[in-house]
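> I would like the atomic coordinates for the input below:
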Amino acid sequence: MAPFNLIAEPGSHAILVTQEFNTPRHLVFKAYTDPALIPQWWGPKNTTLTVDRMDVRPGGLWRYVERDSDGSEYAFRGVYHEITSPERLVYTFEFEGMPGHVLLETVTLTEQDGKTVVTDLLVFQSVEARDGMLQSGMQTGAKDSWDRLVELLKTL
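Numbering: from 1, shown residues only. From the prediction side, this is the model:
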């Protein structure tokens with residue numbers, strides 16, 4: 001399995017995250033699109049997650065609420081733009097604590113020999129918005145999420 005890799009080139013509006021999973025693509029896609037599975041892997045390991053809304057179709061809305069050990073809540077939301085099962089998801093992502101900072105996320109799943117490479121491209125409105133996301137601890141949260149996803153996929 002190829003390790004978690006995050007690339008944020010200086011001056012770019014984008015972050016590219018990749019990882020290989022020892023799981024067929026349809027199961028990885030299911031983990032991304034099943035509201036019962038999302039809370040088992042999405043977000044840092046020291047938080048809990050509630051799926052408030054998840055209408056996986058073009059134009060459908062999603063909203064997740066994350067709670068930390070102190071009881072603080074952080075909500076995230078977006079709109080699905082493209083769903084191509086089992087290979088691609090395109091949706092917006094917005095942290096409700098910073099309204100107006102919307103990014104476009106494209107998740108591509110490529111299968112080879114029973115393994116799946118996930119390529120997650122996040123495109124921000126500005127370099128400053130991208131850098132702010134990186135400074136917020138996004139890399140640690142993303143790594144935790146994908147580590148948790150590895151564990152979940154072993155059970156599917």
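
> in the chain, which spans are helices?
Under the criterion DSSP state H, the chain contains helices at 25-33, 127-135, 138-153.

> And these: which comes nearest Gly114?
Taking CB to CB, helix 25-33 is the member of those nearest to Gly114, at 9.1 Å. (Each C-beta comes from the backbone N, C-alpha and C, glycine too.)

> confidence score at Gly137?
At Gly137, the model reports a pLDDT of 85.

> which residues touch it?
With contact set as CB atoms under 8 Å, 6 or more residues apart in numbering, Gly137 has no partners.

> Show me where this protein has its strands.
5-7, 14-21, 48-54, 61-67, 73-84, 88-95, 102-112, 115-123 (DSSP state E).

> want to throw those strands into CSV with mean pLDDT?
Converted to CSV, these look like this (pLDDT from 0 to 100):
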stretch, mean pLDDT
strand 5-7, 94
strand 14-21, 97
strand 48-54, 98
strand 61-67, 98
strand 73-84, 97
strand 88-95, 97
strand 102-112, 97
strand 115-123, 98
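
> Compare those and report which one is nearest to Ala36.
Once those are compared by CB to CB, strand 48-54 is nearest, at 8.2 Å.

> returning to what we had before: okay, the strands of the chain in a markdown table with distance to Leu149 and mean neighbour count next?
Listed next are the strands of the chain as a markdown table, based on distance: least, CB to CB, whole Å; neighbours: other CB atoms under 10 Å:
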| stretch | distance to Leu149 | mean neighbour count |
| --- | --- | --- |
| strand 5-7 | 15 | 13 |
| strand 14-21 | 7 | 19 |
| strand 48-54 | 13 | 15 |
| strand 61-67 | 15 | 17 |
| strand 73-84 | 17 | 16 |
| strand 88-95 | 14 | 18 |
| strand 102-112 | 12 | 17 |
| strand 115-123 | 9 | 18 |
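
> pLDDT at Leu153, what is it?
97.
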